[in-house]
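Q: Structure, please.
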Amino acid sequence: MKKILTLLAIIIAALVSCTAQPFNKNIEADKVKQLLDEGVTVIDVRTPQEYSEGYIKGALNIDWYASDFLNNIEKLNHQQPVVLYCRSGNRSVLAAAKLQSLGFTKIYSLTGGINNWQTSGFPVEN
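A: You can find the predicted model right below:
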């Protein structure tokens with residue numbers, strides 16, 4: 001009986017660890033560039049004013065501080081990879097946690113935000 005319970009516990013643990021869970025991964029600018037080339041959805045979580053000062057080409061502006069943040073995020077495909085960024089990386093990490101709680105399955109946050117993007121030599125749009 002003890003062996004059966006142990007085996008059952010191992011099977012359950014294996015099933016739980018293999019279940020696809022949402023994830024949040026901080027990535028560098030070069031990896032974001034690669035994902036952009038693959039067509040990933042990019043979300044700038046800064047304010048519209050910050051966005052107008054320069055953004056990553058193709059990025060959607062969904063302001064983390066806006067009252068409609070959740071409504072706008074919910075419109076996106078939860079199964080598609082998403083890259084989030086802000087100015088320095090703080091808001092995008094908070095937004096990534098929120099997206100994870102909403103069931104998004106592949107979430108990336110640009111380490112260092114758009115500051116890191118520009119320091120790495122990648123262009124911004126105005």
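
Q: Leaving out the residues flanking it, which one is nearest to L60?
A: Once flanking residues are discounted, L60 sits nearest to I43: 5.1 Å by CB to CB, 6 or more residues apart in numbering. C-beta here means a position set from N, CA and C on the backbone, and glycine is covered the same way.

Q: and that neighbour, what element?
A: Here I43, judged by DSSP states H and E, is contained in strand 41-44.

Q: List of residues touching the next helix or strand after that strand?
A: Reading on from strand 41-44 to the C-terminus, the next helix or strand found by DSSP H and E is helix 48-52. Helix 48-52 is contacted by residues D44, A59, N61, D63, R87, N126 when judged by CB atoms under 8 Å, 6 or more residues apart in numbering.

Q: all helices in the chain, in order from the N-terminus.
A: Using DSSP state H, the helices of the chain run over 2-18, 29-37, 48-52, 69-74, 90-101, 113-119.

Q: Any buried residues in the second one, and which?
A: Meaning helix 29-37. Buried residues in helix 29-37, counted by 16 or more other CB atoms under 10 Å: A29, V32, L35, L36.

Q: contacting residues around the last one?
A: Going back to what we said before, that points to L36. Here L36 is in contact with V42, I56, K57, G58, V83 (CB under 8 Å, 6+ apart).
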